[in-house]
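K.L.:
Build me a structure from this.
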Amino acid sequence: MSRVRVAPSLLACDLARVADEVRSVEAAGADLLHFDVMDGHFVPNLTFGPGLCAAVRQITKLPLDVHLMVSNADELLEPFAQAGANRIAVHAEAVVHLNRTLDHVRALGVTPGVALNPGTPVGVLDEVWPLVGFILVMSVNPGFGGQHFIPGVLDKLARLGPERDRRAPAVELVVDGGVEAANAAVLRRLGVDILVAGTAVFGDSDRGRALAALRGEETR
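P.N.:
Numbering: from 1, shown residues only. Below you'll find the model as predicted:
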């Protein structure tokens with residue numbers, strides 16, 4: 001089993017010190033940085049836009065992983081690509097023509113992903129597997145940080161993993177929502193490639209320890 005990667009979510013960082021926070025998790029060994037982009041419409045919260053992505057791009061070499069929880073996802077693809085995003089995930093429910101949206105993301109030189117809410121069936125992927133770089137499985141209902149992991153998502157992952165292996169083995173499985181050391185082990189066993197974690201990383205003063213715990217690594 002390959003080493004799981006961890007993407008700290010900036011939603012949980014101290015935004016008054018965002019540069020210091022980014023440098024802290026980068027120095028601790030984070031693999032990516034995750035942006036939870038919310039519009040107050042598709043989800044009941046409002047966060048940040050391409051401006052923060054562009055600012056962070058100036059201070060880190062880590063890949064920037066953008067999760068668009070917005071109703072107008074197609075309109076934000078180019079702004080985030082221009083801001084330096086390396087990966088962009090859209091919700092199947094938030095776009096009219098999913099295959100066209102994924103093609104557009106790839107044409108921008110960005111890895112395209114599809115985000116699945118806890119209630120979104122795996123079947124929405126049936127016609128787009130060849131177009132997808134990663135699947136972002138939400139283990140909470142999107143809109144707020146600090147929520148508790150929904151256990152039923154484990155069954156979805158148990159079905160999705162073998163389907164991925166059969167249809168498109170190169171597609172990465174990502175889990176986002178309530179991820180912590182206590183549930184990271186089962187997620188790793190289910191073949192998850194990337195763990196998105198906010199509070200579990202930024203809520204720990206020792207970021208290296210937090211990342212190691214999520215990866216199941218021992219610390220000295």
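K.L.:
May I see the buried residues of the longest helix along the chain?
P.N.:
Ranked by residue count, the top helix of the chain under DSSP state H comes out as helix 153-167. Within helix 153-167, the residues scored as buried using 16 or more other C-beta atoms under 10 Å are 153-154, 156-157, 160, 163-164. In short, each C-beta sits where N, CA and C put it, glycine included.
K.L.:
again, but for stretch 11-20
P.N.:
For stretch 11-20, by 16+ other C-beta under 10 Å, it's 11-13, 18.
K.L.:
same question, stretch 81-91
P.N.:
Going by neighbour count (16+ other C-beta under 10 Å), the buried part of stretch 81-91 is 81, 83-91.
K.L.:
any chance you could map the strands in the protein?
P.N.:
Taking DSSP state E as the criterion, the chain contains strands spanning 5-8, 33-38, 64-69, 87-91, 111-116, 134-138, 172-176, 194-197.
K.L.:
could these go into a markdown table alongside mean pLDDT and distance to residue 105?
P.N.:
A markdown table is the format used below for these (pLDDT from 0 to 100; distance: least, C-beta to C-beta, whole Å):
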| stretch | mean pLDDT | distance to residue 105 |
| --- | --- | --- |
| strand 5-8 | 98 | 18 |
| strand 33-38 | 96 | 14 |
| strand 64-69 | 97 | 10 |
| strand 87-91 | 98 | 5 |
| strand 111-116 | 98 | 4 |
| strand 134-138 | 97 | 11 |
| strand 172-176 | 97 | 15 |
| strand 194-197 | 97 | 17 |
